[in-house]
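>>> Here you go, sequence then predicted model.
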Amino acid sequence: MKKSYDTILLLLLVGSSVLVSAQDYLSLPEFTLSEEEIASHIYFLASDELKGRRTGEEGNNIAARYIAEQFRSYGLKTPPGQESYFQPIEFEKRIVLKESSIETASGEIVGSACAMLNGDEMKVESRLVFAKNGWVDEEKGIDDYEDLDVYGKIVLVNVGVPGESSIRKVLSLSAKKRMLAEERGALALVELYRENFPWNYISRAITSGRMGVKDPTNLESILPHFWVNNQDQQAGKKLIDGENVTLKGGGILSSSLISNNVIGLIEGTNISKKQEYVVLTAHYDHIGVSKPSVAGGDSINNGARDNATGVAALLTAAKALAEERPERSILLIAFTAEEMGLLGSQYYVEHPLLPLDKMVFNLNSDGAGYTDTTLVAIMGYDRVGAKEEFDLACQRLGVTPFADPAPEQNLFDRSDNVSFARKGIPAPTMSPGFEAFTQELMQHYHSTSDEVASLNLSYIATFVRTYAHAARLIANKDKTPRWVEGDKYEGAAKELYELD
């Protein structure tokens with residue numbers, strides 16, 4: 001009888017231990033954060049006073065200071081050798097001064113259909129020479145200028161290069177294409193835009209103030225350079241190889257400005273794992289002020305979804321992980337200039353404050369909206385070696401993970417995570433829930449309607465907590481996350497981490 005009693009007592013004690021362990025699991029610090037505290041970050045960052053947080057403008061600088069002071073209040077350290085949480089970046093801003101146009105024998109292409117990327121105010125008349133994509137790659141045996149004489153002529157090419165679908169990459173390749181044309185004596189370069197990304201967004205980005213990281217050693221090309229909308233194929237039909245055309249460009253005004261990545265550090269608790277870092281990221285910039293759609297209407301693009309919610313996720317994780325530190329160390333980065341072409345994250349991976357081979361994972365948060373409050377979208381869900389942790393985090397918060405929505409949009413490669421992925425670091429992006437690109441999803445994208453009042457703050461709090469919990473689980477994971485075998489970034493990882 002005593003033996004049976006002892007057995008029952010033992011089972012009760014074991015059961016009690018399991019219950020206590022489960023209770024500890026359910027009461028991790030991130031879930032003590034109130035919905036009001038999470039919302040307060042979004043209300044501030046998406047307020048009218050910050051004027052849309054455009055890179056380098058006052059509202060952007062205020063947002064950076066706000067994030068830095070939150071890091072300070074949570075007790076985050078500055079990275080080694082840094083006196084502040086700021087990593088300053090010098091940018092060059094380029095604004096188109098006047099409208100551009102191309103006049104042909106068959107008519108005139110003007111205004112929003114033609115945008116100048118480079119050059120002074122000019123007018124030039126010459127023959128057009130079509131040079132495919134205007135690309136040269138000796139290793140791949142590509143030379144689109146082979147057997148072509150473009151000296152003293154206007155070169156006409158298609159935007160982009162074969163095999164590259166990222167619009168940001170396509171835009172960045174234009175600078176090299178311009179140099180290739182200039183080296184061959186061309187008078188100007190005209191690219192026919194035919195990608196899926198809407199032309200009105202592209203045109204606005206080009207004409208309202210493009211940015212690049214300033215390189216004082218770079219001798220900028222002076223070649224006049226234009227993009228022309230060819231999504232309906234009409235411009236390409238009008239611009240005929242061998243015809244004379246007249247190009248008019250309004251010129252570009254260049255200026256320099258400073259904006260900051262904001263970076264904080266939480267030291268891990270495990271002596272053998274603390275030299276490994278999980279990098280948590282979100283961009284805090286947005287697109288600023290635009291012309292109102294109606295007279296007297298709203299002109300501020302507040303960016304509540306894109307990306308005040310992502311920053312709220314970053315700050316929520318910062319507070320929770322600082323209060324109860326995980327085994328691995330945490331590097332938190334709020335990026336500037338994502339909207340300018342992922343410039344803040346690209347700058348960081350080229351100028352890291354800690355060795356990249358010690359960065360074992362990047363969890364990014366970014367989003368344009370949501371259509372399903374039962375989901376959390378995860379770009380890279382089953383590619384980065386953390387599927388179990390994502391499942392547990394979503395289960396804990398009562399949502400379902402949805403892997404790589406809208407695959408035709410290649411969303412994995414369109415946010416700051418890809419800057420880390422290209423270096424070999426497993427780097428997914430978490431976004432509020434959606435399955436496909438729809439009108440409902442995009443109704444607030446880069447719009448003055450993207451305000452806090454339009455958010456379901458209860459769902460956003462759930463999303464934010466899911467991100468924070470996933471970060472903790474990954475930072476405490478026994479096995480270091482790795483790309484799944486065969487992933488396109490696996491080769492970069494093998495080189496970075498010196499894997500077999």
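Arrived safely, thanks for sending. Numbers count the residues shown, from 1 in each chain.
>>> For the rest of this, base every contact and every neighbour count on C-alpha atoms.
Will do.
>>> Have a look at the chain and report the helix or strand with the lowest mean pLDDT.
helix 2-26 (a mean of 40; mean pLDDT, DSSP states H and E).
>>> Could you check the pLDDT of K291?
At K291, the predicted lDDT confidence score is 83.
>>> now swap in K169 and tell me
Here the pLDDT value assigned to K169 is 73.
>>> Which strand or helix spans it?
helix 167-183 (DSSP states H and E).
>>> Show me what that helix is in contact with.
134-136, 150, 155, 159-161, 164, 188-189, 195, 197, 221, 223, 225, 341-342, 414 (Cα atoms under 8 Å, 6 or more residues apart in numbering).
>>> could you check the angle helix 167-183 makes with the next helix or strand after it?
As assigned by DSSP H and E, the chain's next helix or strand after helix 167-183 is strand 188-193. Relative orientation of strand 188-193 versus helix 167-183 (axes from the mean of the first three to the mean of the last three Cα atoms, to 10 degrees): 150 degrees.
>>> mind exporting strand 188-193 as CSV, just the C-alpha atoms?
Output of strand 188-193 as CSV, limited to C-alpha atoms (Å, rounded to 0.1, in the frame of the first residue of the first chain):
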residue,chain,number,x,y,z
ALA,A,188,22.3,59.4,-73.9
LEU,A,189,20.6,56.2,-72.6
VAL,A,190,16.9,55.4,-72.8
GLU,A,191,15.5,52.3,-71.0
LEU,A,192,12.1,50.9,-71.7
TYR,A,193,10.3,50.0,-68.4
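>>> Check the offset of the helix or strand that that strand is followed by from the chain's centre.
Next along the chain after strand 188-193, taking DSSP H and E as the criterion, comes helix 199-207. Its chain's average C-alpha position is 17 Å from that of helix 199-207, according to Cα atoms, centre = their mean, to the nearest Å.
>>> So for helix 199-207, what gets flagged as buried?
Across helix 199-207, burial judged by 16 or more other Cα atoms under 10 Å covers 199, 202-203, 205-207.
>>> Quick check: the farthest pair among the residues you listed?
Maximum pairwise distance among these (Cα to Cα): 11.9 Å, between W199 and T207.
>>> all helices of the protein, in order?
Ranges of helices in the chain, per DSSP state H, are 2-26, 35-45, 58-74, 167-183, 199-207, 234-238, 309-323, 343-350, 387-397, 417-421, 439-442, 457-475, 490-497.
>>> so what does the second one touch, helix or strand wise?
In terms of contact count using 3 or more Cα pairs under 8 Å, 6 or more residues apart in numbering; DSSP states H and E, helix 35-45 is assigned the packing partners helix 309-323, helix 457-475.
>>> Mean pLDDT, mean neighbour count and distance to L76 added to these, as a markdown table?
Listed next are these as a markdown table, based on pLDDT from 0 to 100; neighbours: other Cα atoms under 10 Å; distance: least, Cα to Cα, whole Å:
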| stretch | mean pLDDT | mean neighbour count | distance to L76 |
| --- | --- | --- | --- |
| helix 309-323 | 97 | 26 | 7 |
| helix 457-475 | 97 | 24 | 16 |
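>>> Switch the ones you listed over to JSON lines; also include distance to K77.
Shown next, in JSON lines, are the helices and strands packed on helix 35-45 (distance: least, Cα to Cα, whole Å):
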{"stretch": "helix 309-323", "distance to K77": "10"}
{"stretch": "helix 457-475", "distance to K77": "18"}
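>>> and of these, who's closest to N362?
helix 457-475 (9.3 Å).
>>> From the chain's centroid, how far away is the closest one?
Offset of helix 457-475 from its chain centre (Cα atoms, centre = their mean): 19 Å.
>>> okay, the residue nearest to the spatial centre of the chain: pLDDT?
Centroid-nearest residue in the chain: S415, 2.6 Å away (criterion: Cα atoms, centre = their mean). With respect to pLDDT, S415 scores 96.
>>> Let's see the pLDDT reported for the nearest residue to it once chain neighbours are set aside.
Leaving aside its sequence neighbours, S415 sits nearest to L342 (Cα to Cα, 6 or more residues apart in numbering; 6.8 Å). pLDDT recorded at L342 is 93.
>>> L342: how many residues sit nearby?
L342 has 21 neighbouring residues, counting by other Cα atoms under 10 Å.
>>> For this structure, give me the ranges with low pLDDT.
By pLDDT under 70, the weakly predicted segments of the chain are 1-32, 111, 165-166, 168, 216-220.
>>> Which strand runs longest in it?
Longest strand of the chain, by residue count under DSSP state E: strand 252-266.
>>> buried set for it?
For strand 252-266, by 16+ other Cα under 10 Å, it's 252, 259-266.
>>> Tally up the residues packed near G134, please.
The burial count for G134: 26, using other Cα under 10 Å.
>>> That one reaches N158, doesn't it?
Yes: in terms of Cα atoms under 8 Å, G134 counts as a neighbour of N158; the distance is 7.4 Å.
>>> Which among the helices of the chain is found nearest to D357?
Comparing those by Cα to Cα, helix 490-497 comes nearest, at 5.7 Å.
>>> who touches that closest one?
Here helix 490-497 makes contact (Cα under 8 Å, 6+ apart) with 356-357, 422-425, 483-484, 499-500.
>>> so the longest strand of the chain versus helix 343-350, what angle?
60 degrees.
>>> Measure how strand 252-266 sits relative to helix 58-74, angle-wise.
Using the same axes, to 10 degrees: strand 252-266 against helix 58-74 is 10 degrees.
>>> distance between strand 252-266 and the chain's centre?
15 Å.
>>> just stretch 104-112 next, same as before
Offset of stretch 104-112 from its chain centre (Cα atoms, centre = their mean): 35 Å.
>>> in that stretch, what's buried?
Quick answer for stretch 104-112 (16+ other Cα under 10 Å): 104, 109, 112.
>>> ok, the second one touching A115?
Right, I109. No: the criterion here is Cα under 8 Å, and I109 misses it with A115 at 10.5 Å.
>>> what sits against A131?
Contact analysis of A131 by Cα under 8 Å, 6+ apart lists 144-145, 148, 155-157.
>>> Reformat those residues into CSV and put distance to G398 next to each item.
Converted to CSV, those look like this (distance: Cα to Cα, whole Å):
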residue, distance to G398
D144, 54
Y145, 57
L148, 62
V155, 56
L156, 54
V157, 51
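>>> What's the ChimeraX syntax to select whichever of these are buried?
Buried subset of the contacts of A131, written as a ChimeraX selection, criterion 16+ other Cα under 10 Å:
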select :144,145,155,156,157
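>>> which one among the contacts of A131 gets closest to E323?
Distance to E323, by Cα to Cα, is smallest for V157 among these, at 55.6 Å.
>>> which residues touch that closest one?
Here V157 is in contact with 130-134, 189-192 (Cα under 8 Å, 6+ apart).
>>> ok, it to P224 distance?
14 Å (Cα to Cα, to the nearest Å).
>>> which residues do those two both contact?
L189.
>>> Quick one: residues in contact with stretch 71-78.
With contact meaning Cα under 8 Å, 6+ apart, stretch 71-78 is reached by 84-85, 263-266, 315, 318-319, 322-323.
>>> Which members of these are the farthest-apart pair?
S84 and E323, at 21.0 Å, using Cα to Cα across the contacts of stretch 71-78.
>>> is the nearest residue to W227 once chain neighbours are set aside in a bridge, and if so with what?
Spatial nearest neighbour of W227, excluding adjacent residues (Cα to Cα, 6+ apart): E191 at 4.8 Å. Beta-bridge pairing of E191 under DSSP bridges involves V157, W227.
>>> Tell me which residues touch E191, please.
So E191 contacts 156-159, 225-228 (Cα under 8 Å, 6+ apart).
>>> same check, this time on E195
Going by Cα under 8 Å, 6+ apart, E195 touches 159, 167, 231.
>>> Highest neighbour count among these?
V159 (25 neighbours).
>>> Next, the contact list for that residue, please.
133, 170, 174, 191-195.
>>> Taking these, please make a PyMOL selection of just the buried ones.
In PyMOL syntax, the buried subset of the contacts of V159 is picked out as below (16+ other Cα under 10 Å):
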select buried, resi 133+174+191+192+193+194+195
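>>> Understood, closing this out.
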